[in-house]
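# Output the structure for:
(3 chains)
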Amino acid sequence: MTSVDMFVSPLGRVEGDLDVRVTITDGVVTSAWTEAAMFRGFEIILQGKDPQAGLIVTPRICGICGGSHLYKACYALDTAWATHVPHNATLIRNIAQACETLQSIPRYFYALFAVDLVNKNYAKSPLYEEAVRRFAPYVGTAYQKGVVLSNKPVEVYAIFGGQWPHSSFMVPGGVMSAPSLADVTRATAILHHWKDNWLEKEWLGCSIERWMEIQSWEDMQAWVNENESQYNSDCGFFIRFCLDVGLDAYGGGVGNYLATGTYFDPELYENPTVEGRNPALINRSGVYADGKFSEFDHLRVAEDVTHSFYEGTRPLHPWEGETKPIDPAVGRGQGKYSWAKSPRYDVPGLGHVPLEAGPLARRIAAAAPGAAEHQDSDPLFLDMLQKKGPSVFVRQMARMHEAPKYFQWVMDWISQLDLQGSFYTKPQELVSGKGFGSTEAARGSLSDWIVIEDGKIANYQVVTPTAWNIGPRDSQEVLGPIEQALVGSPIVDQDDPVELGHVARSFDSCLVCTVHAYDGKTGRQLSKFVVNGMV
Amino acid sequence: MSSVLWLQGGACSGNTMSFLNAEEPNVVDLIVDFGLELLWHPSLGLELGENAQKIFKDCATGDRPLDIFVFEGTVIEGPDGSGRYDMFADRPMKDWVIELANQASIVVAIGDCACWGGIPAMEPNPSDSTGLQFHKRAKGGFLGSDFKSKSGLPVINIPGCPSHPDWITQILVALATGRAGDITLDDLHRPETFFKTFTQTGCTRVQFFEYKQSTTKFGEGTRTGCLFYEFGCRGPMTHSPCNRILWNRQSSKTRAGMPCLGCTEPEFPFFDLAKDTVFKTQKVSGVIPKEVPEGADHLTYMAHAAAARLAAPQWSKEDMFVV
Amino acid sequence: MAADTQRHTLLDDGFPPTPCDVLVVGCGNILRGDDAVGPVLIRRLWEDGVPADVRIVDGGTAGMDVAFQMRGAQRVVVVDASSTGASPGTVYRVPGEELADTGPLDGLHTHSFRWDHALTFARWLLGPDCPTDITVFLIEVAELTPGAELSREVRAAMEQVIEMIRNEFFDGPGIDDHVEVTDSGHLRIPAALAAARFPADACGLGLVERQSHPELHMIPLQGPANGGQLLKQRNLAGDRVILVRETLSDDLPVGNHRTRWDQTLGVLVVDLAPRELDRDDRQSG
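Numbers count the residues shown, from 1 in each chain, chains lettered A, B, ... in the order given. Take a look at the predicted model:
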């Protein structure tokens, strides 16, 4: 029995500094450790600052989904200050958030993920040459179109927000802008251009409406074979290639999912509150664990640092959260190996279990029974989960499925804008309060918890989707989602472990999101907050 | 063929994302048409693991010639100067930075973090972050004020949070086509081509600025008025071409009603985001802005302000950016 | 002529003269019958268009002014009327060697400046900066009646001279002086045209409505400190590009457009009249 410890660093192309250590026995991964290798200290930096500082600082935690950070940071303040958000502002925020995701889908897919499909380890596949022709970096036909056109949706973001990345145009009480008819016309034209030249022409090979008819795994397979155009579109080809080389056979992960949901119905979230959040969501929140659905409750979230380079081991809710970093060289001696904290969710009846965040998680939450009329109800991926089980393939299909779905929603929101109406209601800047804001960034659930005291930030915690997915082992030694997904992966070529890349990248982690601000150098104590039940 | 190695320190990838939005030329053009040889990049790099490490090592030792070393993000020196808060390929990133900076012909800092330390270097700077050759406005940073790359140039700073794709691509184009000598740098080592004028140059609200007509609220309130007087806009004080080279081909912060945050200047984020400073103009006696446009002085400013308000025409009090 | 004075340096006001490859000057009095041939020829060149590296000047009776115009030119072509007694319409081409000595400086009279006076004065004025490659065409007049149109013979001779100038001095297709408006709202400018007209890579934009069609005026700026647009390099060949969507509005005149240099305004004028694409080389944005 041969056992080899491979420390593959850097994994590259997974934004930020993610390092992976795996144990391989006889060509199969038997254990894995993910390591976040960088620390920048945002949560410490925000302490004592103006309450609106989060709008400027959190988008800089990650430049790829900075707009998502802005969205949830804004809602955290809206709930803390009990603001009024006009319908138009809710719509603009939804549109911007969705456009960021629409940009991310092709950019991530072609530039980060699909380039690995041309790895020489797949040369024996009859589809290999075609894969190279389409996906080879820079020269691949699909690569060029997908990447170059990916900036179109964020042009729409810039129309409403001034620029992308790093605008801070969402503020408590609404948005800073008030678009004109010309803005709306131009936004519509740009989105249609994107749909006509990439989404329908290159990716789907059919209309959005035809794709949205797919409700089950059988439907999807029938769709591939329905006609030439679909069979040979990037999507049709991708499905066939994955099945041929076996990307549907590994990378499953923990099989338990978390979505905090995003996009609000304008009428139901005019006065944002923490309690009123779930029913107002269009893209529903929810937890799916051990085969059962349950409602998402933010109070059940806790962060564990047993294996992270911080002091403390008891899992804490973010409103109590603290961050005291230690020297990693010291930490390793204590069995700590990552800068990411381990977020855990207390599932009713199961206790703290690791949950996967991401597009697949949202697609599962969308299949839960009991959707209200304004909410997304979509059975497709629960069906795929039950029939095929989770895998790299299923995770990627969930991600790509959101492109046509969100496109339809964005066009609908644009049509609802009332250009003569209000876009902002000036809030009262309360000197104290607690807030919770959350969204679904392209890569998964992203949440802020803010505590304001004396007109300043007393505590600010950010939990990113990557934190959910790459958080290391907790105090019970249960593996995190990516670690679990890596276990069981077949490694064909130890010198070129492309399978590790597929799995880790199928989570679309952006490590920069996971490591935040901490106290440490000055030995300064962070204030502690005792939570008396719910606030 | 110019070889480029692009690494990230304490970074958020915002500059990379902006760079991927480039058009005329786009990123594919840069590589295919201009022949930029991208040795490695955290998002676009093709090698993994040991294959990637070999590239870095060969460049660091000089075995592989490196024309342009691009760095995005801060250089992290914590804890205690060890740099272990940011490990990369088994060593602190800062060790890679020293070696590669000394081997490259040209070193480019992209984004505020690499230029001056940016947001991670805000008080209390828990990671001990700094820029490549500046810490905020002070010359020095990580490599020291005397540092010059093999071509004899200091670190070229392309600031911004993030940088605009054209600022990045046009400098790479100039370097790749042998025009490094044409790039004139200001005293903060920023290319003058982009950073001589102000955010205010080309701002569509500039007439309101002249007549001292302020925007009074966000949302539909931004259909008229200038954001300098009440909302903390730093347009007149900030060197950038944001209103001349539009963002995403469409717009800019101030056009869309969002105040300029001054993100190309070393002090960003201003006032350390202390209480009551975000989106609020800091004033003397509650009335006169503390900072006036570069080149003006307070006394003259006050005199002009009074006159301008008296002279303000009717249109400057009405909505201009109408539906 | 004193050779040691540095008169030409007095002309240096910090702004370099607009360079051009070829300068064509037409001299003559437009009111005196066939003496108008020089200016009429220039007018014809202007209407038909000249390559981007060519400047045309109506010297008229400006006399001395012609010498100033020669500053910055590589090659100069002068066209004037002659009255030697030869048969009307005869075309003379004065060989270069003959031009070396165009007579003494004294005797210059601003109101009777001929081409030879212009050259003499130019040498005096520009010193070492005076172009050395100079060609002179002379067309023999039929009559000089005030107010008369060009005579048939002189008109024919003029066409001949135009043909010769185009063939010999405007090298073939010359610099590509077409620009392209793309559907992404960009304006692409060929490398040589950009280098000739916008040496500082900066320009201002203005949209001018003419009766028949709009024109885009591109005003060369001295440098980045003056605001305006920056001409970005878009490919290895050095072609430039600017964003014009904002100036032209969303109804973009996509396709190739002709340009011409307007001497008086000092701008590159882009003719935005809708036209057939004369080359099938539109590239997608």
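
# can you pull the buried residues of stretch A:267-274?
Buried residues in stretch A:267-274, counting neighbours by 16 or more other C-beta atoms under 10 Å in any protein chain shown, are found at A:268, A:269, A:270, A:272, A:274. Every C-beta, even on glycine, is put in place using the N, C-alpha and C of the backbone.

# now swap in stretch A:144-154 and tell me
Using 16+ other C-beta under 10 Å as the test for burial, stretch A:144-154 gives A:144, A:145, A:146, A:147, A:148, A:149, A:150, A:151, A:152, A:153, A:154.

# From these, pick the one nearest residue A:406.
residue A:153 (9.3 Å; C-beta to C-beta).

# In the stretch 201-323 of chain B, what residue comes closest to chain C?
Across the stretch 201-323 of chain B, no residue is closer to chain C than residue B:201, which sits at 4.6 Å (C-beta to the nearest C-beta).

# Share the number of residues neighbouring that residue, please.
Residue B:201: 20 surrounding residues under other C-beta atoms under 10 Å in any protein chain shown.

# longest helix in the chain, by residue count?
With no chain named, the answer covers chain A. helix A:392-416 (DSSP state H).

# wait, chain C
Every helix in chain C considered (DSSP H), the longest is helix C:152-169.

# Give the next helix or strand downstream of that helix.
Remark: after helix C:152-169, the chain's next helix or strand is strand C:178-181, criterion DSSP states H and E.

# quick one: is that next one near chain B?
No: judged by C-beta under 8 Å from any C-beta of the partner chain, strand C:178-181 stays clear of chain B, getting no closer than 11.4 Å.

# Below-threshold pLDDT in the stretch 151-285 of chain C: ranges please.
In the predicted model of the stretch 151-285 of chain C, residues C:171-175, C:224-226, C:275-285 satisfy pLDDT under 70.

# show me where it has strands.
Under the criterion DSSP state E, counting those that start in this stretch, the stretch 151-285 of chain C contains strands at C:178-181, C:186-189, C:202-209, C:214-220, C:229-230, C:232-233, C:240-243, C:255-262, C:267-271.

# between the fourth one and strand C:202-209, how many degrees?
Computed with axes from the mean of the first three to the mean of the last three C-alpha atoms, to 10 degrees, the direction of strand C:214-220 lies at 160 degrees from that of strand C:202-209.

# Give me the distance between the closest residue to residue C:148 other than its chain neighbours and chain A.
Leaving aside its chain neighbours, residue C:148 sits nearest to residue C:33 (4.0 Å; criterion: C-beta to C-beta, 6 or more residues apart in numbering or on different chains). Taking C-beta to the nearest C-beta, to the nearest Å as the measure, residue C:33 falls 57 Å from chain A.

# and residue C:33, what does it touch?
C:141, C:142, C:143, C:144, C:145, C:146, C:147, C:148, C:149, C:150, C:151 (C-beta atoms under 8 Å, 6 or more residues apart in numbering or on different chains).

# Buried only: go through these for me.
C:141, C:142, C:150, C:151.

# Counting only strands, which of these make the cut?
With strands defined by DSSP state E, no entry of these lies inside them.

# Residue B:261 touches residue B:271, doesn't it?
No: using C-beta atoms under 8 Å, residue B:261 makes no contact with residue B:271, being 11.0 Å away.

# Around chain B, pick out the residues from the stretch 251-400 of chain A.
A:325, A:327, A:328, A:329.

# Tell me the pLDDT of the second one.
pLDDT recorded at residue A:327 is 81.

# Going by neighbour count, which residues of the lowest-mean-pLDDT helix or strand in chain B are buried?
Sorted by mean pLDDT, DSSP states H and E, the helices and strands of chain B end with helix B:298-311, the least confident at a mean of 72. Buried residues in helix B:298-311, counted by 16+ other C-beta under 10 Å: residue B:305.

# Which elements pack onto that helix?
When contacts are defined as 3 or more C-beta pairs under 8 Å, 6 or more residues apart in numbering or on different chains; DSSP states H and E, helix B:298-311 packs onto strand B:288-289.

# Please list the residues of chain A that sit near chain C.
Close to chain C, as judged by C-beta under 8 Å from any C-beta, chain A has residues A:182, A:185, A:186, A:189.

# mind listing which of those are in helices?
Reading helices off the residues of chain A next to chain C with DSSP H, I get A:182, A:185, A:186, A:189.

# Neighbour count says what about those residues? Which are buried?
residue A:186.

# got a markdown table for the ones in helices among the residues of chain A next to chain C, with pLDDT and distance to residue A:452 too?
Formatted as a markdown table, those follow (pLDDT from 0 to 100; distance: C-beta to C-beta, whole Å):
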| residue | pLDDT | distance to residue A:452 |
| --- | --- | --- |
| A:182 | 83 | 39 |
| A:185 | 86 | 40 |
| A:186 | 87 | 38 |
| A:189 | 88 | 42 |
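
# Adding distance to residue A:393, write the ones in helices among the residues of chain A next to chain C out as CSV.
Shown next, in CSV, are those (distance: C-beta to C-beta, whole Å):
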residue, distance to residue A:393
A:182, 43
A:185, 39
A:186, 37
A:189, 35
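
# Looking at the ones in helices among the residues of chain A next to chain C, spot the one nearest residue A:121.
residue A:189 (43.0 Å).

# ok, that closest one to chain B distance?
Distance from residue A:189 to chain B, by C-beta to the nearest C-beta: 12 Å.

# With chain C in mind, check whether the longest strand seen in chain B reaches it.
Counting residues, the longest strand found in chain B (DSSP E) is strand B:2-8. No: Strand B:2-8 does not reach chain C (C-beta under 8 Å from any C-beta); its nearest approach is 11.3 Å.

# Is the helix or strand following that strand positioned near chain A?
Next helix or strand after strand B:2-8 toward the C-terminus (DSSP H and E): helix B:14-20. Yes: using C-beta under 8 Å from any C-beta, helix B:14-20 reaches chain A at B:14, B:15, B:16, B:17, B:18, B:20.

# So the third one is in contact with residue B:73, correct?
No: because the distance of 9.8 Å does not satisfy C-beta under 8 Å, residue B:16 is recorded as not touching residue B:73.

# Show me the common contact partners of the two, please.
With C-beta under 8 Å, 6+ apart, residue B:16 and residue B:73 have common neighbours residue B:8.

# Settle it for me: which of these two has more neighbours?
residue B:73 (33 against 28).

# so which of the buried ones among the contacts of residue C:33 comes closest to chain B?
Ranked by distance to chain B (C-beta to the nearest C-beta), the buried ones among the contacts of residue C:33 are led by residue C:150 at 48.1 Å.

# can you tell me which residues contact that closest one?
C:33, C:34, C:36, C:37, C:40, C:158.

# 10 Å instead?
Residue C:150 makes contacts with C:33-37, C:40-41, C:139, C:141-142, C:156-158, as judged by C-beta atoms under 10 Å, 6 or more residues apart in numbering or on different chains.

# quick revisit: continuing past the longest helix of chain A, what's the next helix or strand?
strand A:433-441.

# pLDDT for the residues of helix B:14-20 next to chain A - can I get that in JSON lines?
Shown next, in JSON lines, are the residues of helix B:14-20 next to chain A (pLDDT from 0 to 100):
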{"residue": "B:14", "pLDDT": "91"}
{"residue": "B:15", "pLDDT": "93"}
{"residue": "B:16", "pLDDT": "91"}
{"residue": "B:17", "pLDDT": "89"}
{"residue": "B:18", "pLDDT": "92"}
{"residue": "B:20", "pLDDT": "89"}
